[in-house]
Structure formats: structure tokens, C-alpha cells
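In: Mind looking at a prediction? Sequence and model below.
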Amino acid sequence: MAHQSFRGYGTFDVITKTIKDGMTYASFTSELVYEAYKNLNDVRIVFLVFERYVVRRDTRVSLSIMITGCEGEITVDASASGGGDHILTRFDWGISDDFLSTLSGIVRSLNLTSDAFI
């Protein structure tokens, strides 16, 4: 399992659309499987879940993304999971990190900066 957070400034709708489009078209097997939008006073939140089939391991990996925006300040929190091939271990051969790095490239193009891996 891999986690990462990004922060910066921008337009909530533009960042959300760029992430959705980028993640959907990043891989032939990547798809958006869930999305939810919330508005709490001046705070806007979107929760996205992507799933990707990984041929080399014959497994699936998911990426959960929460985008939070308030007065132009944007935070993107993400967690990738799955991809393991055994019921007793969580070793996934780097598949989660690969999926998360796809998001990392997209948000860096939006000038969001990364916090350290958690």
C-alpha cells in the first residue's frame, strides 16, 4: 500500500477534471469506478476511486483520491492498494507505487507539490 499527499493552489474544477481525465487515459485498463462530490460551506471535496488491471501480475490495484479545495487552496490525498498475490502478505511487487506515480505525474503538471511518502 502506498500513500501520498499533494498541496498547492488552483481551480478546483480544472484540477479535478485533469486528474479524472489523466488517470482514466493513463492505461488501457484504468477506469473510474466511483466518484462522490460534497460541498461543506466554502470547502469542496471530491472522492475518486480508480481501478486498474495489471497484466504482469494478473491482479487488480485501486487508487483512492480525495481532492479538497477551499478558497483556491487544493489538497490531493491518495492511497493505492491491492495488487498482492497472497492472502497472508501485502507484498505487491511495486504495483501500488506504479499506480500512485501516475497520479504524481499528473498533479505535478498542475504545479502541486508533494509531501513525503507516508
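Out: Structure's in. What do you need? Keep in mind that what you see is a predicted model, and the values were worked out from it rather than measured.

In: moving C-terminal of the helix or strand of the chain with the lowest mean pLDDT, what's the next helix or strand?
Out: Sorted by mean pLDDT, DSSP states H and E, the helices and strands of the chain end with helix 95-109, the least confident at a mean of 85. Downstream of helix 95-109, the first helix or strand assigned by DSSP states H and E is strand 113-114.

In: what's the distance between that following strand and the middle of its chain?
Out: When C-alpha coordinates are averaged (CA atoms, centre = their mean, to the nearest Å), strand 113-114 and its chain have centres 13 Å apart.

In: pLDDT of that strand, averaged?
Out: For strand 113-114, mean pLDDT is 88.

In: That one: partners in the sheet, and parallel or antiparallel?
Out: Sheet partners assigned to strand 113-114 using DSSP bridges are listed as strand 2-9 (antiparallel).

In: List every C-alpha atom in the strand it pairs with, with coordinates, as CSV.
Out: Taking Å, rounded to 0.1, in the frame of the first residue of the first chain, the C-alpha atoms of strand 2-9 are listed here in CSV:
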residue,chain,number,x,y,z
ALA,A,2,1.3,3.5,-0.9
HIS,A,3,0.1,6.9,0.2
GLN,A,4,0.9,10.4,-0.9
SER,A,5,-0.3,14.0,-0.4
PHE,A,6,0.0,17.0,-2.7
ARG,A,7,-0.7,20.7,-2.0
GLY,A,8,-1.0,23.8,-4.0
TYR,A,9,-3.2,26.5,-5.4
